[in-house]
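Engineer: Dropping the sequence and predicted coords here.
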Amino acid sequence: MHATSAETRTILADLNDAQRQAVAHQDGPLLVLAGPGSGKTRVITRRAAYLVRRGVPTRNILAITFTNKAADEMKQRIEALGVGRGMWVHTFHALGVRLLREFGPLAHVQPGFTIYDVPDQRRVIKDAMAVCGVSENVVSLDAVQATISQAKNRLLTPQQYGAQAVFFEQGTLARLYEAYEQLLEQRNAVDFDDLLMRVAIVLRDHPDVTERLNIRFRYLLIDEYQDTNHAQYLIAQHLSRHHRNICATGDPDQSIYGWRGADISNILEFERDYTDAVVVRLEQNYRSTGNILRVASQLISTNRRRKHKDLWTENGTGQPVAVWRFAEGGDEAERIAETIVEMHREGRSYSDFAIAYRINAISRGLEESLRVRGIPYKIARGVEFYNRKEIRDVLAYLRVLVNPVDQVALLRIINTPTRGIGKTTVTRLLEEAGARARPLLEIMPDVEDYPGITRAAQRRVRAFVGLLDEMKTVLADPVADAVSRVLTLSGLEADLRKEQEDGGEDRLANVQELVTAAAQYDEEAEEPTLADFLNRVSLTSDQDSVDESAGCVLLLTLHAAKGLEFPVVFIVGLEQGMLPHERSLAGGDQVEEERRLCFVGITRAQERLYLSHARERLIRGRPFPRAPSQFLRELDCDAIERTDFDEGAFFDDREAGSKEGFEPLHDHLPAEELQRPRSPKRRLRESATDADELRIIDVAAAGTTSPFADWKPGQLVRHATYGVGQLLWIRPGAGQSRAAIKFAGYGEKTFILELAPVTKLERGSV
C-alpha cells in the first residue's frame, strides 16, 4: 500500500533534519552514525514504517539488533505505527536460529536442535577430551573453548584449522575441535557461535539460498553495526548482496565487544565496502545535559579509531559532573548510598538511579551499603537466573522432550530428583550406547540386555523411560502448561516443596517464576512452541532482565548498561587496572575500547553523573592501594566538579585543586618516610598498573644526575629476560635508581635500574 502524503508527513513530522534524511532514504547503502541519545531507535523504526508506507511489504523488511530487549522494543514501536505485522525483527542469533530451522540440513542441523550454553559446551569439550585421550594437564578447558570460538568466528572448520596448525598444541586443539563437532552432531546440538557460523557458511556456499533470501528481504536494517563480528559482517553482506539496500546504524565510539570478536573496522570501513553509501550523522543528543556531553566528548576525543561527531543538546547545561575521591572503597559505597537516600527524600524514585562498574566483584560493598539503609536494589544478571540449578533441571527435562538425543540434558535428569540410578548404572549405559553407536535414550528401553546392571537398577531405568514417554504429551500444551506439568510429573516440584518446608532455600519460587516467564512468552509469541521458548531462554542476556521502572536502584556492569538510560548514574571504581582493565594496559587498541566503555557509561546519564575512585580497595579480602584511572586525568574542563573525601591525603599547596593536585599523593611509603618533614618542593604522585598492585613514586628523592628522572609510573619497559612490563614505582637517584616493574607471568620485581637490563619503550614500540 502506497502512503498518502499525510501518512508520510506524520512519520517524518517530529524528526530533526538528519533523522528525516535517514528515514526518507529509499534505495542503496546507508550508514547512520548515531551518537548516544540521538534517537537511533526512532530512526530505525520510522524508516521501517516509511518503507512500508512507500509500498514495501512488511515481509520484505528484515531488522536486526543485538539484544532481545532491543528487538522487542523495536517490534513494539513498529507495530505502534501500524505496519509491523509480518516483519522480521530479530537479534543476529535469533535470526540464525530461524534460518537454521529453515535450512538446517544444509548446515548439518536437524529439527528440534538444542542450543548449548557455556556450561553445556564445557561438558561436551570434556567428553571430546575423553574421546581423544587428552588430559586437562595437557591443555585447559578454557584454551579449548577459546580456540573453538575463535575458529568459528573466522569460519574455520576443524579441518581448516588443523591445516593451519604449526605447533604440537595446535594439532591437539584441532583434534579436540573435530571431536567436539562430531559430538554436537550426534546430540543434534549447536553452540552460540554455530548460530552465526553455520548460517554464514550456508549463505557463502549456497548462492541459491542467498538469492532466495535477497528476494525475500529487499531491505536490511542493522542496528549496533559497530558490534558485528566477522560472521555477522558476512551475513549482512550476503543478505544485501543483490539489492544492496543495507542500512547500518551505529557508533564507533560505542564499540565495546572486541573481547568477544566484534570488529570496529566493519563500521569504520563501511564506505570502503559501499563506495556509493550515503552517510548521515545524528549528533543532536536528546538524553543528557550539556555538561555530561562535554565530559563524554572530551574523553572520547583521545581515541584514534573513530569517526568524528559534534554532540550537542538543547537540554541545557545542567549540574557539573561530580568526580569523587575516597580513602577506600567502603567510604565510596557509603557516600553513594547516602546520596541516594538524600535524593530519594527530595522526590526521586529509586528507579532513577543506576550504579555501574567495570567488574562484578566491586558490587558486594555497594550492596551492603544499600541494604543497611533499606534501599531496594536489583543486580542486572539475567543469565544467572537461568543458571540456577533448579531452573537448569527443569529446562533439561524440556530439552530432552524436544531433542531426545541431547545427552547433556539427559544425564542431568536421569537421577534428578534422586531415583536410585547411580553412577555405575549410568556408566554401563553409556558404554552400551557407545558400543552400539546409538543415542543413550534409544538404548535404555533394552536395559535388561546389558550385563552388570542390577535388577533393581533395571526397574528404575524402565520407570524413568516410562516417565519421559508420559511427559511427551505436554508437547501439545501451551508452554506454561508444559512447564507446570513437567514440574509435577518429574517430582521436582514435590522435592523443592519439601526442601522449603524443611527450612531450606526457597528454590520453589524460582521455578514458579519460570512458569510465569513461560506464560508471558505464550502471550507475546506469534506462534508459541516449546522449542522456540527454549531457544529464547538460551539467548537471554543480562540486559534482557533490566526493568528500568522496577522501583529500585539498578546495579550493573558497564557492558550491561549499553542501550539504557537513567536520570542519575554513578560510575564507581575509576581506577587504573580496573577501568581501564588491567588486561588492556599491555598496549595496542585495548585501552581505546576501555575508553569507549567509559564513554558508554557516561552517556547513560540524563541529569546527574558521579565518577568515583578510591585510594585503597579490598580485593579478594585484602586491601590494595589504588590510583586514579588515566581517564580521569584526561578530563580537564569546567564541566567537572572535583570533591576529595580522602581526609588522609597529602597535597602540594601549589597544586591543590588542579588536575595534578587531584591525584592521591601518598600511599605505601615506609613509616620513616611518612614521619619526615615535608618540603614544599617535595611531590609524591600515585601511579597505577592493574587490579592487584599499585605503588607510589617519590620524586623528591630524584637526583638531577639520574638518567631515569623522566621515567613515569605506568609506562611500558622491556627487560632482557622477563619481556615487556609496566613500571609500578620509581625512586631515581644518583647511581642507585630503584624501581618495581610488573611482568605478565612473572609478577612484580624490583631492580636497581643502573644494573638491570631494562629499557624504556616508546609509544607504539611494543
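Structural biologist: Nice, thanks for sending it over. Residues are numbered from 1 along each chain as shown.
Engineer: pLDDT below threshold where in the stretch 301-450 of the chain?
Structural biologist: Low-confidence segments of the stretch 301-450 of the chain (pLDDT under 70): 381-384.
Engineer: Quick one: the strands in it, in order.
Structural biologist: Assigned by DSSP state E, counting those that start in this stretch, the stretch 301-450 of the chain shows strands spanning 312-313, 321-328, 353-357, 377-379.
Engineer: you'd agree Gly551 is up against Phe353?
Structural biologist: No - counting by Cβ atoms under 8 Å, Gly551 does not reach Phe353; the two are 11.0 Å apart. Where you see a C-beta, it was placed from the backbone N, CA and C, and this is true even at glycine.
Engineer: nearest residue to Leu221 other than its sequence neighbours?
Structural biologist: Ala63 (4.4 Å; Cβ to Cβ, 6 or more residues apart in numbering).
Engineer: and that neighbour, what are its bridge partners?
Structural biologist: Judged by DSSP bridges, the bridge partners of Ala63 are Val89, Leu221.
Engineer: Can you report how many residues neighbour it?
Structural biologist: Number of residues near Ala63 (other Cβ atoms under 10 Å) recorded here: 25.
Engineer: how much space between it and Glu7?
Structural biologist: Noted for Ala63: a distance of 20 Å to Glu7, by Cβ to Cβ, to the nearest Å.
Engineer: what residue is smack in the middle of the chain?
Structural biologist: The centre of the chain sits closest to His559, judged by Cα atoms, centre = their mean, with a distance of 5.4 Å.
Engineer: Now it. Nearest residue, chain neighbours left out?
Structural biologist: Per Cβ to Cβ, 6+ apart, closest to His559 is Ile256, 6.3 Å.
Engineer: for the record, mean pLDDT for stretch 88-100?
Structural biologist: Averaged across stretch 88-100, pLDDT comes to 95.
Engineer: What of stretch 203-211?
Structural biologist: Confidence over stretch 203-211 (mean pLDDT, whole number) is 97.
Engineer: try stretch 755-766
Structural biologist: 71.
Engineer: Tell me if I'm right that Phe708 and Leu753 touch.
Structural biologist: Yes - here Phe708 reaches Leu753: they are 5.3 Å apart, a contact under Cβ under 8 Å.
Engineer: Settle it for me: which of the two has more neighbours?
Structural biologist: Shown here are Phe708 and Leu753; by other Cβ under 10 Å, Leu753 has more neighbours (24 against 19).
Engineer: mind listing what that one touches?
Structural biologist: The contact partners of Leu753, taken as Cβ atoms under 8 Å, 6 or more residues apart in numbering, are Phe708, Ile730, Ser737, Arg738, Ala739.
Engineer: Now it, what are its backbone angles?
Structural biologist: Backbone torsions of Leu753, given as degrees, to the nearest 10, read phi -60, psi -30.
Engineer: And it, how close does it get to Ala277?
Structural biologist: Using Cβ to Cβ, we find Leu753 at a distance of 53 Å from Ala277.
Engineer: Check Asn68 too.
Structural biologist: Separation of Asn68 from Ala277 (Cβ to Cβ): 29 Å.
Engineer: so where's the longest strand in the chain?
Structural biologist: strand 605-619 (DSSP state E).
Engineer: so what secondary structure elements neighbour the helix or strand following that strand?
Structural biologist: Downstream of strand 605-619, the first helix or strand assigned by DSSP states H and E is strand 622-625. Other helices and strands packing on strand 622-625, by 3 or more Cβ pairs under 8 Å, 6 or more residues apart in numbering; DSSP states H and E, are strand 605-619.
Engineer: now the angle from the strand it packs on to strand 321-328?
Structural biologist: If you take axes from the mean of the first three to the mean of the last three Cα atoms, to 10 degrees, strand 605-619 sits at 10 degrees to strand 321-328.
Engineer: what lines up beside strand 605-619 in the sheet?
Structural biologist: Sheet partners assigned to strand 605-619 using DSSP bridges are listed as strand 321-328 (parallel), strand 566-571 (parallel), strand 622-625 (antiparallel).
Engineer: How many neighbouring residues does the residue nearest to Asn303 when sequence neighbours are not counted have?
Structural biologist: The shortest distance from Asn303 to any non-neighbouring residue, by Cβ to Cβ, 6+ apart, is to Glu592 (4.8 Å). Glu592: 21 surrounding residues under other Cβ under 10 Å.
Engineer: Show the contacting residues for Glu592.
Structural biologist: Applying Cβ under 8 Å, 6+ apart to Glu592 gives the contacts Asn303, Arg304, Arg305.
Engineer: Any quick PyMOL command for the buried ones out of those residues?
Structural biologist: Remark: buried members of these, expressed as a PyMOL selection using 16 or more other Cβ atoms under 10 Å:
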select buried, resi 303
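Engineer: Just give me the closest of the contacts of Glu592 to Gln26.
Structural biologist: Taking Cβ to Cβ as the measure, Gln26 sits nearest to Arg305 out of these, at 31.3 Å.
Engineer: Distance check, the closest one against Gly551.
Structural biologist: 40 Å.
Engineer: Can you work out which residues contact both of Phe708 and Leu753?
Structural biologist: Residues touching both Phe708 and Leu753 (Cβ under 8 Å, 6+ apart) are Ile730, Ser737, Ala739.
Engineer: residues near the nearest residue to Lys152 once chain neighbours are set aside, how many?
Structural biologist: For Lys152, ignoring the flanking residues on the chain, the nearest one in space by Cβ to Cβ, 6+ apart is Asp193 at 3.8 Å. Look at Asp193: counted by other Cβ under 10 Å, it has 22 neighbours.
Engineer: for Asp310, same thing?
Structural biologist: Count around Asp310 with other Cβ under 10 Å applied: 10.
Engineer: Kindly confirm whether my reading is correct that it touches Glu283.
Structural biologist: Yes - with contact defined as Cβ under 8 Å, Asp310 counts as touching Glu283 (5.4 Å).
Engineer: residues contacting the closest residue to Met343 other than its chain neighbours?
Structural biologist: Closest residue to Met343 apart from its sequence neighbours, by Cβ to Cβ, 6+ apart: Val568 at 6.8 Å. By Cβ under 8 Å, 6+ apart, the residues touching Val568 are Met343, Arg348, Asp352, Phe353, Ala354, Ala605, Gln606, Glu607, Arg608, Leu609, Tyr610.
Engineer: let's see it at 6 Å
Structural biologist: Counting by Cβ atoms under 6 Å, 6 or more residues apart in numbering, Val568 makes contact with Asp352, Phe353, Arg608.
Engineer: Also Asp352?
Structural biologist: If you count contacts by Cβ under 6 Å, 6+ apart, Asp352 has them with Pro567, Val568.
Engineer: if I look at it, how far off is Arg244?
Structural biologist: As judged by Cβ to Cβ, Asp352 and Arg244 stand 44 Å apart.
Engineer: Then Thr8?
Structural biologist: Thr8 sits 23 Å away from Arg244, going by Cβ to Cβ.
Engineer: Let me have the strands of the stretch 301-450 of the chain in TSV, extended by distance to Glu641.
Structural biologist: What follows is the strands of the stretch 301-450 of the chain, written out as TSV (distance: least, Cβ to Cβ, whole Å):
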stretch	distance to Glu641
strand 312-313	19
strand 321-328	6
strand 353-357	19
strand 377-379	26
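Engineer: Check the model's average confidence along stretch 613-622 for me.
Structural biologist: Mean predicted confidence for stretch 613-622 is 82.
Engineer: So Ala48 is in contact with Ile78, correct?
Structural biologist: Yes - Ala48 is in contact with Ile78 according to Cβ atoms under 6 Å; the separation is 5.3 Å.
Engineer: Compare those two and say which is more crowded by neighbours.
Structural biologist: Ala48 (28 against 24).
Engineer: For the more buried one, list the residues it contacts.
Structural biologist: Ala48 touches Ile61, Ile78, counting by Cβ under 6 Å, 6+ apart.
Engineer: cool, and Arg47?
Structural biologist: Val23.
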